[in-house]
Structure formats: C-alpha cells, structure tokens
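Undergrad: Quick one: sequence and predicted model below, then my questions.
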Amino acid sequence: MKYGIEPITERRELEVLNQQEKISVNIQEEMSQHAKDCATNLPDDVISFLKEAKGLNNETISRYQIGFCSKHPKYPDKHERLTIPIRKNGKVINIRFHAFGEVKEGNPKTLPYCSGLPEAVSLFPEDQLENDVVCIVEGELDALCAISRGLSAITVTGGAGSWRDEWTPFFRGKKVRIIYDCDATGREGAKKVAAILSTVANEVEVIDLGLNDKEDLTDWFVEYDRTEEELEDIVSKTELMKQSTKAAAKKEEITFLTAYLVI
C-alpha cells in the first residue's frame, strides 16, 4: 500500500455502490407510487379500450394495476400511455408504457419507466409461474388477455427474441405452450425459446394460430372471437417438442442396437 491510495479507492467504490443502491430504492418507490396513481380513476374510454379492443376483464385490470397517464414522467413528449407495472418478488422493477391508440411513425410503441433499469427485460406477470401449465406469449397485453380468459400466461418484456438463462429453471417440470405472434420474428423467437425449455420442461409445444402476418393471441380472441376450447383443440393437435426429442433418442438407440447386432 502506497500513500494510502488503496483505502481511498475502496472507500470511493463503496460510496458509489451505496449511492447506486439509494438511487435504485428511490426509483423503485417512485415507480410504485406512479403505478398506483395511474391506476386510480381510470377514464371510461381507457376501460372500454382495455375490455373491447384488448380483451381484458375487470379482475385482470385491477389485479395487475393497469393504469393510464396523459404524459410520460421521464419522456414528457410521449403522451397518452397505458401503464403496466412489472413486479419481481412483489416490488415494482419497471413500468411498461404502451401507446394508447394509433402509434405515429417514430413514436415507440412501448417505453420503460426510465433508461438504465437493471431488470428492464423480465418475465411478466411473475405470479403465473406458480402454475403447472404455462403459455408463453408475446407482449404484456397478450398475456393479460389470455389470463382474462382463464389461461395461465406469461411474457418476456423484451420481445420475442429475448431470453435469459436465469429464467429457464422456473419452467422445470412444467407444460409449456409457446404462442408468439404470427410473423417471422415470432416464429423464430418461439423456436429459440422452445429449444431452451425442452431441456427442463416436461412438455413444450409451439402453437401456430394460423392467423395473418403480425396477428397475435389477442386478435385470436377479440378480432376473430375464437374460444379457449378452439385453442385447446389446436394444442391437442400440436406435436410435443419433448416427445419429438424422446422419439429421436429412441430412434438413435434402435439404430445403434441394430448396427451392434449386425456386427
């Protein structure tokens, strides 16, 4: 140690960490209060939009504290946004701000509460992981629509191409149904996630809704007035990825034994 440099450096690093932790706690409290404020006294037109255009019911809107703000608190030029608080262990770690109505060119469809959040990409809603059968869908509103229909559904807040290794164990032993959007990005993302989860889940199915390009599960229920029973019919006709993996392994075993017997 020379001239006391090391202790000063360590002390400064500790001060920075403490400051970052304090900021994190402050932002968390700020987000929690903002989510509560936005969910209070929802305008009638917003409630109608959530129910009629997005297929949510009152219980889901209330349970997940869906709200509305006329102006984004951190991006004041972004107006009229639906607010969906994202929680981990019950605490708000982000708020997803969805554009309300038509999205103008150059205006992001979805925004976070602020930049630099450590868990901006996460699973939502976390309580759905308690169920044995889970649908993984593309987008918070798709998940909420499915939940409103009595399904267990969860989404990745980062989009179809996002996945973190730390999430994989949450699906161990579960039956997983991946229902992403009907476009190239959705199909590729579904294949990626299916390949990962087939290593831990009991069953993995990639469900093709057979809709038009870029349509999704909300369109299935709301636009086309399809039912949960019709969805289950598609599920029952979808090949299990887990079974396919086992079948391939069995085929390799038979090939090996046949070659061995011939020798």
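TA: That came through fine. Residues are numbered from 1 along each chain as shown.
Undergrad: Which element, helix or strand, includes the nearest residue to residue 101 once chain neighbours are set aside?
TA: Spatial nearest neighbour of residue 101, chain neighbours left out: residue 80 (6.8 Å); criterion: C-beta to C-beta, 6 or more residues apart in numbering. Glycine gets a C-beta too; all of them are placed from N, C-alpha and C. For residue 80, the element it lies in under DSSP states H and E is strand 79-88.
Undergrad: What strands line up against that strand, and which way round?
TA: strand 67-71 (antiparallel), strand 91-99 (antiparallel) (DSSP bridges).
Undergrad: thinking again about what came up before, for the residue nearest to residue 101, the count of nearby residues, please.
TA: A count of nearby residues for residue 80, using other C-beta atoms under 10 Å, gives 14.
Undergrad: re the thing from before, distance between the strand holding residue 80 and the chain's centre?
TA: Centroid displacement of strand 79-88 relative to its chain, using C-alpha atoms, centre = their mean, to the nearest Å, is 13 Å.
Undergrad: what residues does it touch?
TA: For strand 79-88, contacts defined as C-beta atoms under 8 Å, 6 or more residues apart in numbering pick out 31-32, 34-35, 38-39, 46, 50, 64-72, 92-101, 111, 119, 122, 124-126, 140-141, 144, 157.
Undergrad: quick check: mean pLDDT across stretch 61-78?
TA: Taken as a whole, stretch 61-78 has an average pLDDT of 95.
Undergrad: From start to finish, how long is it in a straight line?
TA: 23 Å (C-alpha to C-alpha, to the nearest Å).
Undergrad: What are the buried residues along that stretch?
TA: Within stretch 61-78, the residues scored as buried using 16 or more other C-beta atoms under 10 Å are 61, 64, 65, 66, 67, 68, 69, 72, 73, 75, 78.
Undergrad: now the strands paired with strand 79-88 in JSON lines, with distance to residue 150?
TA: Shown next, in JSON lines, are the strands paired with strand 79-88 (distance: least, C-beta to C-beta, whole Å):
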{"stretch": "strand 67-71", "distance to residue 150": "24"}
{"stretch": "strand 91-99", "distance to residue 150": "23"}
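Undergrad: Sketch out the low-pLDDT regions of the stretch 151-263 of the chain for me.
TA: Across the stretch 151-263 of the chain, the stretches falling below the confidence threshold (pLDDT under 70) are 242-263.
Undergrad: Low-confidence regions, the stretch 1-150 of the chain specifically.
TA: If you take pLDDT under 70 as the line, the stretch 1-150 of the chain has these spans: 1-23.
Undergrad: 50 instead, please
TA: 1-6, 16-17, 19-20, 23 (pLDDT under 50).
Undergrad: Quick one: the strands in it, in order.
TA: 67-71, 79-88, 91-99, 110-111, 123-124, 133-137 (DSSP state E, counting those that start in this stretch).
Undergrad: so what secondary structure elements neighbour the last one?
TA: So the one you mean is strand 133-137. Applying 3 or more C-beta pairs under 8 Å, 6 or more residues apart in numbering; DSSP states H and E, one finds that strand 133-137 makes contact with helix 140-148, strand 153-156, strand 175-179.
Undergrad: Now render the ones you listed as JSON lines, adding distance to residue 241 and mean neighbour count.
TA: Putting the helices and strands packed on strand 133-137 into JSON lines (distance: least, C-beta to C-beta, whole Å; neighbours: other C-beta atoms under 10 Å) gives the following:
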{"stretch": "helix 140-148", "distance to residue 241": "20", "mean neighbour count": "25"}
{"stretch": "strand 153-156", "distance to residue 241": "18", "mean neighbour count": "24"}
{"stretch": "strand 175-179", "distance to residue 241": "9", "mean neighbour count": "23"}
